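Student: Generate a structure from the sequence data that follows.
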Amino acid sequence: MITGTANALRAKIAKIGWAPLGGFVIALAVTWPILRAGFHPEDFGWLSIARRIDSPWSLVTGNIPFNYFYRPIPLLLWWLSAHVFGAAAMAHNAADLLVHACNAALVGALAARLTRQQASGWIAAALFAALPAATATAAWMSDRFDTIALLFSLLALFALEKAIARRGTPWLPALLLFIALLSKEIAYAVAAIMLVWLVVLRPWRDKNRLVLLGGVFGCTVLTVILRFTTVAPLDTSLRTSDTAHAFLTGAGGWWRHSLAALNGFQSSSIVFGITVALLAFFATIVIARGIWHKPIDELGVDELALPIIALGLIVLPAFIQWPVTQYALVRDENLAYLVNLRFYYFAAAGIALLVAAGYARLKSNRTRAAFATVCVVAIVCGLGISHGVGKQWARSWRPGSHEALTLGAELNARRFPPQCRIYLDSEQWPPAFQPHVDSIVKSVADPDASIQGCAIFAGSVVFHTLLENGQCDLGLWPGLDVRKRNGTPLIGSIGNLCFIPFASGEREKLGSPLFRFHVDAQGHVQEELD
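Tutor: Below is the predicted model:
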């Protein structure tokens, strides 16, 4: 019986291909150090909301105030993981790494499916797992938006290929794309890819393809409507008054730093980035020559599909993410932040697919062997660099995460009166701790703990104070001013929760009742100050 089960398992793997499984395992091996990285300071904000919101449905029907995006699908995952794992950072990281590993498997499976070559699948899966931009994106829990969006985007592309071949239902590609678009706006690149793919196939000649085109276009329009009807009018995240300048700055910054992104913003690995860039360039030449010398009527669906997907994933992100990259990538010093590699996650998948497509079009065995050898060398080097990026991430945030968890647990055990103000003093806060201190403490504390009704500060302005709706009356907070825009207080709510952005975090301006604590380097509350 055991032998029969093993044979059945091998048969299923053989049908799917070993490349997806290999990509899955490689991605997990590379990102393993991230498992113990703990929380990034911004992660606590999402965690505190997810643990305290009254219903997950509120994350669908509403939106986080003053955010420029509507991304309910990842927020629902936050709600689920927060209720299953609580404040166990390792479990949250494990969930994110599994999603990333699935993406590596899907990249390999898509390449193998569209080229009908397992070797191409191996190249795509391993190269995607080896690119530092992919690893760094998977590391940042707050940006699970990208990993989830790519997951459903790749599934949508798979479903579209099956539907075109009449092996799948025509509504599934639109549904999966809809979920991807509700995960992050970068999925609009995939919507454009799917539309181009279908138009190239001349859908007006085939009723099934015309239905597919309508479904993809319809769900794209629907998500645009949902975004504009849910995003708060008081947007404090982005400034795009000069749209043309912002677009050129954002898109130009993305392209200017693209080679550095291939290196994972690590200057010592410039050779790796150049090698991958040359592989992608050579693959583009091979694909272009093959298409140029063949009449378009003779080009099969598979021959056009993978180049369209790959080039779309590489080119379009720069023109979709410019509202954010105009800030994140405008200065060279921003390359010190691994979180900014998230803007290249979709492009990493595109590069892996492009290189795999180029390899599949090579005819000479000698040329194939040489190209594959360079790919293997690049992948091995990239795996080492990406593994180092994962360890760097863990070293950067593990100590601060441990301190934050300890601090939250100790304050959770104390009793505080409603509308109290808490000031935490320390000689050595972790990086980016102070602006997130309210979320950090409240995400660790029990949802019904008394500290949830207090405003917590650590010497600087806090991004927002998270409270129950009934506590957002400014009359309950005498002495504290609220940040405003055009004279309107920037107070917002979602579900049972409200957000107050107090204008000051200085101890002398907090009013009363004020509780002052000193926190040591391990997060322990050592003494209460008079």
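
Student: in which helix or strand would I find the residue nearest to residue 287 when sequence neighbours are not counted?
Tutor: Spatially, and ignoring its direct neighbours in sequence, residue 287 is nearest to residue 307 (5.0 Å; C-beta to C-beta, 6 or more residues apart in numbering). The C-beta positions use only the backbone N, C-alpha and C, and glycine is treated the same way. Using DSSP states H and E, residue 307 sits within helix 301-315.

Student: average pLDDT across that helix?
Tutor: Mean pLDDT, helix 301-315: 87.

Student: which other residues reach that helix?
Tutor: 110-111, 114-116, 157, 161, 164-165, 189-190, 192-193, 196-197, 200-201, 280, 284, 287, 290-291, 346-347, 349-351, 353-354, 356-357, 360 (C-beta atoms under 8 Å, 6 or more residues apart in numbering).

Student: doesn't residue 112 fall inside a helix?
Tutor: Yes - under DSSP: H, G, I helix; E, B strand; the rest coil, residue 112 sits within a helix.

Student: what's in contact with stretch 481-489?
Tutor: With C-beta under 8 Å, 6+ apart as the test, stretch 481-489 has contacts from 234, 236, 461, 474, 490, 491, 500, 501, 502, 503, 504.

Student: Would you write a PyMOL line that selects the buried entries of these?
Tutor: Buried subset of those, written as a PyMOL selection, criterion 16 or more other C-beta atoms under 10 Å:
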select buried, resi 490+491+500+501+502+504
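
Student: Quick one: the strands in the stretch 1-150 of the chain, in order.
Tutor: Here the stretch 1-150 of the chain has no strands by DSSP state E, counting those that start in this stretch.

Student: low pLDDT regions in it?
Tutor: Judged by pLDDT under 70, the stretch 1-150 of the chain has its weakly predicted residues at 1-16.

Student: got it, and the stretch 301-450 of the chain?
Tutor: Low-confidence segments of the stretch 301-450 of the chain, defined by pLDDT under 70: 301-302, 430-431.

Student: For it, just list every one of the helices.
Tutor: In the stretch 301-450 of the chain, the segments counted as helices under DSSP state H, counting those that start in this stretch are 301-315, 317-320, 322-328, 345-360, 365-412, 437-444.

Student: How many residues are close by the residue nearest to residue 146 when sequence neighbours are not counted?
Tutor: The spatial neighbour of residue 146 that comes closest, neighbours along the chain excluded (C-beta to C-beta, 6+ apart), is residue 345 at 4.4 Å. A count of nearby residues for residue 345, using other C-beta atoms under 10 Å, gives 30.

Student: again with residue 469
Tutor: Residue 469: 13 surrounding residues under other C-beta under 10 Å.

Student: separation between it and residue 478?
Tutor: 19 Å (C-beta to C-beta, to the nearest Å).

Student: and if you look at residue 106?
Tutor: Separation of residue 106 from residue 478 (C-beta to C-beta): 55 Å.

Student: One more: residue 104?
Tutor: The gap separating residue 104 from residue 478 is 54 Å, by C-beta to C-beta.

Student: if you count what's nearby, which of these two comes out ahead?
Tutor: Neighbours were counted for residue 104 and for residue 478 using other C-beta under 10 Å; residue 104 has more, 31 against 9.

Student: which residues does residue 223 contact?
Tutor: With contacts defined as C-beta under 8 Å, 6+ apart, residue 223 is in contact with 178, 181, 182.

Student: any chance of these in a markdown table, plus secondary structure?
Tutor: Shown next, in a markdown table, are the contacts of residue 223 (three-state DSSP):
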| residue | secondary structure |
| --- | --- |
| 178 | helix |
| 181 | helix |
| 182 | coil |
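
Student: wait, which of those is closest to residue 267?
Tutor: Set against residue 267, the nearest of the contacts of residue 223 by C-beta to C-beta is residue 181 (36.0 Å).

Student: number of nearby residues for the closest one?
Tutor: Residue 181 sits with 28 neighbouring residues when counted by other C-beta under 10 Å.

Student: Settle this for me: it is touching residue 188, isn't it.
Tutor: Yes - applying C-beta atoms under 8 Å, one finds residue 181 in contact with residue 188, separated by 6.6 Å.

Student: Now do the shared contacts for those two.
Tutor: Residues touching both residue 181 and residue 188 by C-beta under 8 Å, 6+ apart: residue 220.

Student: related to what we said a few turns ago, and the contacts of stretch 481-489, which two are the farthest apart?
Tutor: Checking these with C-beta to C-beta, the most distant pair is 234 and 504, at 20.0 Å.

Student: Just give me the residue right at the centre of the protein.
Tutor: Centre of the chain computed as the mean C-alpha position; nearest residue by C-alpha atoms, centre = their mean is residue 146, 2.7 Å away.

Student: just checking, it touches residue 137?
Tutor: Yes - if you go by C-beta under 8 Å, residue 146 and residue 137 touch, sitting 5.2 Å apart.

Student: Please enumerate the shared neighbours of those two.
Tutor: 342, 345.

Student: Tell me the one of the contacts of residue 223 nearest residue 128?
Tutor: Distances from residue 128 to the contacts of residue 223, taken as C-beta to C-beta, are shortest for residue 181 (21.7 Å).

Student: OK, contacts around the closest one?
Tutor: Residues counted as contacts of residue 181 (C-beta under 8 Å, 6+ apart) are 149, 187, 188, 191, 219, 220, 223.

Student: I'd like those residues as JSON lines, with secondary structure and distance to residue 210 appended.
Tutor: Output for these, formatted as JSON lines (DSSP: H, G, I helix; E, B strand; the rest coil; distance: C-beta to C-beta, whole Å):
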{"residue": "149", "secondary structure": "helix", "distance to residue 210": "27"}
{"residue": "187", "secondary structure": "helix", "distance to residue 210": "23"}
{"residue": "188", "secondary structure": "helix", "distance to residue 210": "22"}
{"residue": "191", "secondary structure": "helix", "distance to residue 210": "17"}
{"residue": "219", "secondary structure": "helix", "distance to residue 210": "15"}
{"residue": "220", "secondary structure": "helix", "distance to residue 210": "16"}
{"residue": "223", "secondary structure": "helix", "distance to residue 210": "21"}
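
Student: got TSV for these, with distance to residue 412 too?
Tutor: Formatted as TSV, the contacts of residue 181 follow (distance: C-beta to C-beta, whole Å):
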residue	distance to residue 412
149	34
187	38
188	41
191	44
219	43
220	45
223	39
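
Student: ok, these vs residue 380, which is closest?
Tutor: The closest of the contacts of residue 181 to residue 380 turns out to be residue 149 (C-beta to C-beta; 28.8 Å).

Student: My guess is that closest one contacts residue 177. True?
Tutor: No - using C-beta under 8 Å, residue 149 makes no contact with residue 177, being 10.4 Å away.

Student: shared neighbours of these two, which are they?
Tutor: Common neighbours of residue 149 and residue 177 are listed as residue 187 (criterion: C-beta under 8 Å, 6+ apart).

Student: How many residues are close by the closest residue to residue 404 other than its chain neighbours?
Tutor: Distances taken as C-beta to C-beta, 6+ apart place residue 440 nearest to residue 404, at 4.6 Å, with adjacent residues excluded. Applying other C-beta under 10 Å, we find 32 residues neighbouring residue 440.

Student: Buried residues in stretch 446-457, which are they?
Tutor: Within stretch 446-457, the residues that qualify as buried are 446, 449, 450, 451, 452, 453, 454, 455, 456, 457, counting by 16+ other C-beta under 10 Å.

Student: Ignoring the adjacent residues along the chain, who's closest to residue 402?
Tutor: Once flanking residues are discounted, residue 402 sits nearest to residue 38: 6.3 Å by C-beta to C-beta, 6+ apart.

Student: how close does the one you found sit to residue 52?
Tutor: For residue 38, the distance to residue 52 - C-beta to C-beta - is 21 Å.

Student: re earlier: return the member of the buried residues of stretch 446-457 nearest to residue 374.
Tutor: The closest of those, once distances to residue 374 are taken by C-beta to C-beta, is residue 456, at 53.6 Å.

Student: is the closest one in a bridge, and if so with what?
Tutor: With DSSP bridges applied, the residues forming beta bridges to residue 456 are residue 422.
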